[in-house]
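*Asks:* predicted model and sequence below, questions to follow.
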Amino acid sequence: MEAKHLTHSTSKPDTGAGEWKFSDLIAEPHVRERWDRVRRYFFLRESTYDMTNRCNIRCEGCYYYKGEKQHAHEVGDPEKWRSLMKSEKARGITYVVLAGAEPSLVPELLTVCHEEMPLGSIATNGLKWIPGSIGYKIHISVWGNDDTSQRVRGAKQMLQRQIENYRGDSRAVFVYTFTPHNIAEADQVTRILAREGCKITFNVFSSPVGYTGALRHTESSLRQTRQAMLNLLQRYPETVLYSHYNAVSHTHHLGLHALFGCSYPRCNPSTDIGLGRSFRQYRTDLNWDRDAACCVPDTDCRDCRHYAAGSAVVTARLFRHACEPDVFASWLDYVDTYLAVWVTGYDKGVNLCQRWVAPPGHDLF
């Protein structure tokens, strides 16, 4: 991480114009440096892939075991996956997200994918180690301390076992999902991960379609979550991969779709250049359905605050955020966080904006 604390001017240059020019927004050297750094990754084009319909635990509120995708036939032939990866590369995909149900159970398929498509990430519960030759980022899901994990995920000593598998592994990022009931536990979990030299980022529980259980957030729990995120970011800056604007965007009373307009096909009928045309969500039978294609299928779109969704929904809104210095700096912080969490070898910089900034066109909440 960069060591110095960065500040930037919010005084508009006396140009006589009524609005900020983009050249004004990147006029300060540290902002220009961050812009030049993140825009090198604008070539990333993602799709997601369900690798297996098996899992070694069962979690309350799991997205995978909702809807029809859980019933898809499982293709376990590595050469068929290799062929799929080659065809994906040919149509312009440069980044893969390997998920559902538990990808670590099929390491031979992960290996083939990595051989053909070197940039990507794996979403795992972290209970089974993924070989180091598979150089993707590894996102390890955490839903609270070990007592909570045993209660809602049915797994004993989960955090301890996850750390034993991934301590000192630069691929690993622990993803703490805030629910209304584990907000206070985040401090304990982050303290343990900091002590072990691990990295953590944050997710916000987003209800699957039809879910009415106790994990659904309220406005009160969203406000508490936002403050907890900020406290942890300030207390553990070398451990927490996050920013003020990440917290604002993911704990607003409006979901991501209402704030920014979701880019994924399930919410986006446009087939113009962009995610609406390029993104596919493949099921375990290697088929996909445009009407259901989404980074976290079967999530209630009105309640979606998922970190994976934001990585595309917010980062895609460059022009909306290029309106004044603090808003643009906040967006740069968001993109910087996204790259540190999702791209192997990208290190998080110091956040440029150290205060709450409202999403363009909305209040702060």
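*Replies:* Thanks, I have it. What you see is a predicted model, and the numbers here were worked out from it, not measured in a lab.
*Asks:* the closest residue to S170 other than its chain neighbours: what secondary structure?
*Replies:* Among residues not flanking S170 along the chain, T344 sits closest, at 7.8 Å (Cβ to Cβ, 6 or more residues apart in numbering). Quick note: C-beta positions are derived from backbone N, CA and C, even for glycine. Per DSSP: H, G, I helix; E, B strand; the rest coil, the secondary structure class of T344 is coil.
*Asks:* ok, T344 - contacts?
*Replies:* By Cβ atoms under 8 Å, 6 or more residues apart in numbering, the contact list for T344 reads 119, 135-137, 170-171.
*Asks:* show me the two of these that sit farthest apart.
*Replies:* Across those, the longest distance by Cβ to Cβ is 15.1 Å; it joins L119 and S170.
*Asks:* name the residues of the lowest-mean-pLDDT helix or strand in the chain that come out as buried.
*Replies:* When the helices and strands of the chain are scored by mean pLDDT, DSSP states H and E, helix 275-278 comes last with a mean of 79. Applying a neighbour-count criterion of 16 or more other Cβ atoms under 10 Å, one finds 275-276, 278 buried in helix 275-278.
*Asks:* now stretch 228-239
*Replies:* So stretch 228-239, judged by 16+ other Cβ under 10 Å, has buried residues 228-230, 232-233, 236, 239.
*Asks:* generate JSON lines for those residues, with distance to F260 as supplementary columns.
*Replies:* Output for these, formatted as JSON lines (distance: Cβ to Cβ, whole Å):
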{"residue": "A228", "distance to F260": "23"}
{"residue": "M229", "distance to F260": "19"}
{"residue": "L230", "distance to F260": "21"}
{"residue": "L232", "distance to F260": "24"}
{"residue": "L233", "distance to F260": "22"}
{"residue": "Y236", "distance to F260": "28"}
{"residue": "T239", "distance to F260": "28"}
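*Asks:* list just the nearest of those to A329.
*Replies:* L233 (15.7 Å).
*Asks:* the closest one belongs to a strand?
*Replies:* No: counting by three-state DSSP, L233 is not found in a strand; it is helix.
*Asks:* and it, what does it touch?
*Replies:* With Cβ under 8 Å, 6+ apart, L233 has these contacts: 240, 242-244, 247.
*Asks:* for those, name the two members farthest from one another.
*Replies:* V240 and H244 (11.8 Å).
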